[in-house]
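Engineer: Have a look at this fold, sequence not included:
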């Protein structure tokens, strides 16, 4: 097969770097509001009916939303195998926490309302809270660590050895990044709830949403300032073959300087953080003035900007190593082979538009608010 | 090399994979059964078929959610516990997993919500299409997962790249149309159809024994028996195809399953019964049927099937060959891409056996320094545990033929004896409910345990595939998964039981409406009302 030679290896790598971003953003925009709703559940919904209303706003869509996460994992495996191998084994206990939370969540949605027992339901409500809050926090913490560099090194056989600990992940900067993540996903969950519910639940969602929008702006600004002032960046020590073999050890990397240098080299990327701030500010206004659809859109823009800003700032680095910078994974040396990237691109070009189309159709069918009477009348078929 | 990590990681994988596969076969089959029922409803408009659709869909939903939840673990634990595996073969193995997500899982998961929440929001036909999309999605899902697994059994379309120290894809076409993967796919989904059919049959039989929901139960049996009979026949035929493939691709697995230590002159006999003894290298108390093994394994009377001892000798030769490749590889790597052409030629000539040299990594860091004893030990390691394989396989096959008999009986009674089922047969159907799960787990055990000591047959040993973690870390997550999964299992069984005891949800208004219309038709003289 020589078809893949028509697209340069270098270009394929950049495309897959972009698609990785698309998947992460897709996950945050869809499953993100599920996580936010889970986190908000005990606070915006007090009675059983209210909680069922809140749960049923995400009931029909969480399964599809969660596939963005699964697909993200699969795409990292297929397109960036070293990243998959190093990060999942390195962040071992953190990954386990995310898995545990994400296993708890579907079961909570599905099983909570299958029994009348109050204690049963209260227990699942907390499971849903944990299932929303823990992944939201851990994702942010992981990004915070990636920006600082992660303590791993590769042997000559390219076996990954991780020398940090789980508690090492919980450093101050990473926790701040975790707060950014929780704030923005809570904002997003609140935006979804005020769009899909009415009455008390929607009112409380607006209040929490407005605060979460402010928290997003503040924590994101602090994280940015800290990144500019106190965190070492990584860069290549010499020229790099952008279409060379995927062996991270072949490129020398040095630690030092500021990540903000990216904004001098590529000034246009400032659009990403600007969108992050602007979206959150508009969401805040939307929450205060009851503009339901606009608030949701603003929240989406903010998340898009915040996640994109991390990737664009670090490019071409994906996972720097703090203890052995030469082991750092970058776009130019940790991808799949030329052929695999091409095969995966063809599949993505065929299926991603299809996925977007039928997902949009499902949301359209489910359009409209979930009300208390929906939950009571159709008690047998809803959660 | 920490052996404990290897054992713990294997235990964790076995536990999470086998647990995941408690839910998958029911999802595969029940999704189609529900879609068939709904299609009949759309075509006939009879409320009882809508009732059936909704009832079995409820049980499908309870099961589906755990399949999804435990599937998340499967997608991520390769990176967590098997990071060298992920690096070494991710270029090939990752692609089908990602395509599974793109093509199948997205479809299934997006529409499953609408399947439960969309009854009032979609037209009848629209909802039926959604149900079919869920069924198609879940079955396509199995296709890509088995393409990935088939590659681990028969790694085609890939070669080793010394510059990146990993296997890289050379032909996606070969990976996708791997004969092993295709046979396994049909075998596995067929097993899923049998599982779901026996589940539906058993629950319906219980209703009939109790005299409850008779209309629903009898029709459900009719669907389950037809679908299950086709599934059971297909599972056995394609299982045989998998065995035939193994004759060429995984000789050691086949020999171990048969407890066949010595190479027998063709055609070989089949061990019907026996107690394989790994230490004495013989199968004791063997009861043999002449000729049959030769027929199953090679479909000929003249082709010789190698025994375990002969295959160990071959493995030893391949290890020595692999060491030549390994030596060349180390020099090529040291030269960083500027290696002499004769070195590259030496590597390429022997690279097919490189994986065999890695078997020595269990004993020493540099395989090139291995003694003859160590090489002999590594060759012995290529023999998987014969006794468990021998019996797991036989239990699966016996159950498989039992399923055909059970389904055939109910199929005949449903179609030619006016749905009159003897009570003993109904009781047997209830008792049979857990058996397809046993057969399915045995099947996976044979496939995966039989591939040992390899994760990818002949390419990467299991002992080398693991992540560099501490025993405490793996033990912690293993304990976590066991606790977590046990609790979920108890809850799941409890809810299944509750909803089966509760029975179908009666849509009184719709049933009355339907009866009225038919009475009208009857008085109009346009046909007799069926015995509702």
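Structural biologist: Ah, there it is. Worth saying up front: this structure is predicted, and the values here are computed from it rather than measured.
Engineer: Relative to chain B, how far out is residue A:103?
Structural biologist: Residue A:103 sits 4 Å away from chain B, going by CB to the nearest CB, to the nearest Å. No exception for glycine: its C-beta is placed from N, CA and C like everyone else's.
Engineer: Kindly report the same for residue A:244.
Structural biologist: For residue A:244, the distance to chain B (CB to the nearest CB) stands at 8 Å.
Engineer: which ones are touching that residue?
Structural biologist: Going by CB atoms under 8 Å, 6 or more residues apart in numbering or on different chains, residue A:244 touches A:250, A:251, A:332, A:333.
Engineer: ok, 10 Å please
Structural biologist: Contact analysis of residue A:244 by CB atoms under 10 Å, 6 or more residues apart in numbering or on different chains lists A:9, A:10, A:250, A:251, A:332, A:333, B:163, B:164, B:337.
Engineer: Can I get the buried part of the residues you listed as one PyMOL selection?
Structural biologist: Only the buried entries of those go into this PyMOL selection, using 16 or more other CB atoms under 10 Å in any protein chain shown:
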select buried, (chain A and resi 9+250+251+332+333) or (chain B and resi 164)
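Engineer: can you name the two of the contacts of residue A:244 that are farthest apart?
Structural biologist: Within the contacts of residue A:244, A:10 and B:337 form the most distant pair, 18.1 Å apart (CB to CB).
Engineer: Give the rounded mean pLDDT of stretch A:276-283.
Structural biologist: For stretch A:276-283, mean pLDDT is 97.
Engineer: cool, and stretch A:30-49?
Structural biologist: Confidence over stretch A:30-49 (mean pLDDT, whole number) is 93.
Engineer: chain center to it: distance?
Structural biologist: How far stretch A:30-49 lies from its chain's middle: 18 Å, per CA atoms, centre = their mean, to the nearest Å.
Engineer: Over to stretch B:93-107?
Structural biologist: Distance, stretch centre to chain centre, for stretch B:93-107: 17 Å (CA atoms, centre = their mean).
Engineer: Ends of that stretch, what's the gap?
Structural biologist: Criterion CA to CA, to the nearest Å; first-to-last residue distance in stretch B:93-107 is 21 Å.
Engineer: So it, near chain A or not?
Structural biologist: Yes: counting by CB under 10 Å from any CB of the partner chain, chain A is contacted by stretch B:93-107 at B:93-107.
Engineer: Just the strands from the chain, written as ranges.
Structural biologist: Using chain A. Secondary structure of chain A (DSSP state E): strands located at A:152-154, A:160-162, A:232-236, A:253-258, A:317-319, A:329-330.
Engineer: should've been chain B
Structural biologist: Assigned by DSSP E, the strands in chain B fall at B:158-161, B:166-169, B:270-277, B:282-289, B:454-456, B:460-461.
Engineer: pLDDT weak spots in chain A?
Structural biologist: Along chain A, the parts satisfying pLDDT under 70 run over A:1, A:379-381.
Engineer: For the residue of the stretch 151-300 of chain A at minimum distance from chain B, give me its contacts.
Structural biologist: Chain B sits closest to residue A:245 of the stretch 151-300 of chain A, with a gap of 3.8 Å, by CB to the nearest CB. By CB under 10 Å, 6+ apart, the contact list for residue A:245 reads A:9, A:333, A:335, A:337, B:161, B:162, B:163, B:164, B:165, B:166, B:168, B:337.
Engineer: The residues you listed into a markdown table, with extra columns for distance to residue A:229?
Structural biologist: Shown next, in a markdown table, are these (distance: CB to CB, whole Å):
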| residue | distance to residue A:229 |
| --- | --- |
| A:9 | 37 |
| A:333 | 29 |
| A:335 | 32 |
| A:337 | 40 |
| B:161 | 42 |
| B:162 | 44 |
| B:163 | 40 |
| B:164 | 38 |
| B:165 | 39 |
| B:166 | 39 |
| B:168 | 42 |
| B:337 | 41 |
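Engineer: ok, those vs residue B:291, which is closest?
Structural biologist: Within the contacts of residue A:245, proximity to residue B:291 (CB to CB) peaks at residue B:168, which comes in at 43.8 Å.
Engineer: Tell me the bridge partners for that closest one.
Structural biologist: For residue B:168, the beta-bridge partners are residue B:159 (DSSP bridges).
Engineer: gap between it and residue B:356?
Structural biologist: According to CB to CB, to the nearest Å, residue B:168 stands 20 Å off from residue B:356.
Engineer: And for residue B:294?
Structural biologist: Separation of residue B:294 from residue B:356 (CB to CB) stands at 28 Å.
Engineer: Between the two, point out the one with more neighbours.
Structural biologist: Each of residue B:294 and residue B:356 has its neighbours counted (other CB atoms under 10 Å in any protein chain shown); residue B:356 has more, 30 against 22.
Engineer: Assess the claim that that one and residue B:322 are in contact.
Structural biologist: Yes: if you go by CB atoms under 10 Å, residue B:356 and residue B:322 touch, sitting 3.8 Å apart.
Engineer: Run a quick neighbour tally on residue A:310.
Structural biologist: When neighbours are counted by other CB under 10 Å, residue A:310 registers 23.
Engineer: I should have written residue A:324 there, sorry.
Structural biologist: Per other CB under 10 Å, the neighbour tally for residue A:324 reads 17.
Engineer: Let me see the contact set for it.
Structural biologist: With CB under 10 Å, 6+ apart, residue A:324 has these contacts: A:149, A:151, A:152, A:153, A:154, A:161, A:163, A:248, A:249, A:253.
Engineer: Phi, psi for it please.
Structural biologist: With angles defined as degrees, to the nearest 10, residue A:324 sits at phi -150, psi 80.
Engineer: Chain A versus residue B:29, what's the distance?
Structural biologist: The gap separating residue B:29 from chain A is 19 Å, by CB to the nearest CB.
Engineer: swap that for residue B:285, please
Structural biologist: Here the criterion is CB to the nearest CB. By it, residue B:285 lies 45 Å from chain A.
Engineer: just residue B:170 next, same as before
Structural biologist: Distance, residue B:170 to chain A, using CB to the nearest CB: 7 Å.
Engineer: just checking, that residue touches residue B:159?
Structural biologist: Yes: applying CB under 10 Å, one finds residue B:170 in contact with residue B:159, separated by 5.4 Å.
Engineer: Of these two, which one has the most company?
Structural biologist: Between residue B:170 and residue B:159, counted using other CB under 10 Å, the more crowded position is residue B:170 (17 against 13).
Engineer: how about low-confidence regions in the stretch 1-150 of chain B?
Structural biologist: Ranges of the stretch 1-150 of chain B meeting pLDDT under 70: B:1-3.
Engineer: same thing but at 50, please
Structural biologist: B:1-2 (pLDDT under 50).
Engineer: again with chain B
Structural biologist: Within chain B, the set of residues satisfying pLDDT under 50 comprises B:1-2, B:525-532.
Engineer: Got the domain ranges for it?
Structural biologist: With automatic domain parsing as the criterion, the domains of chain B are listed as B:3-250+B:384-512, B:308-380.
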